[in-house]
Structure formats: structure tokens, C-alpha cells
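Asker: below: sequence and its predicted model.
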Amino acid sequence: CSSTTDAKCAPGPGRAMNCQTIENKQNGCYTLYKADTNVTTRGCISELTNEGLKYCKANSKQCILCYEKACNNLLAPSAAIQSNSQLSLWLGLASFMLATFML
């Protein structure tokens, strides 16, 4: 899936691909986030170009490779970063409010 055509692709556990084993190919699944375009894609490693595979291997924080069946169902790297920053914001706000009321 691609977040350009499917809004649930980035945050979507349950959007995993079931990639078939292809002889003489790199098998497994990927979840890729491109920050410059803000696009998340999920698919089979065998579908990646050589450049795409090199990018994934060099950028493990933006591209998750996995090798079990239907394993690319985790939160996409972009959504995980966004969730963590939102959580940090709320925790900081809650701490500030608690400190204000206690003084």
C-alpha cells in the first residue's frame, strides 16, 4: 500500500503484505517512510529496486525490513515518530499543569 492512495497505510497495522517466496530474489517485507515526500509504502522486498533496497539498508530508521510472513504490519516509522512526539507533548503539558497546581 502507499499512503498517497490509502490514508490508512502509514498508521495501519493490518495493512501487511503477504509476500510470496521468489527464487533468486530477496524475500520478505518492508515498511518505508520517505520524509522528503511524507509518503509511507508497504510491500515485498522483491518489489524494491536495487536503489530502494540500498536505501532501506542504509536508512533503517525510515525503512523496516522483516522476513516473517505478513511482518510489515507495525506502525510505520513516520507514524511512530509522530505518535512519540505527540505523547511527549502531552506528558510535558501534564507535568507542567501538575507542577503549577502543586505550587
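Answerer: Cool, the structure landed.
Asker: for the rest of this, base every contact and every neighbour count on C-alpha atoms.
Answerer: OK.
Asker: mind listing the helices for the protein?
Answerer: Remark: helices assigned in the chain by DSSP state H are 50-58, 77-102.
Asker: average pLDDT for the first one?
Answerer: So that's helix 50-58. Mean pLDDT, computed over helix 50-58, is 91.
Asker: do the same with the longest one
Answerer: Confidence over helix 77-102, taken as the mean pLDDT, stands at 48.
Asker: ditto for stretch 22-31
Answerer: Here the average pLDDT along stretch 22-31 is 80.
Asker: that stretch: end-to-end distance?
Answerer: 19 Å (C-alpha to C-alpha, to the nearest Å).
Asker: so what sits opposite the closest residue to residue 42 other than its chain neighbours in the bridge?
Answerer: Leaving aside its sequence neighbours, residue 42 sits nearest to residue 31 (C-alpha to C-alpha, 6 or more residues apart in numbering; 4.5 Å). Following DSSP bridges, residue 31 is listed with bridge partners residue 42, residue 64.
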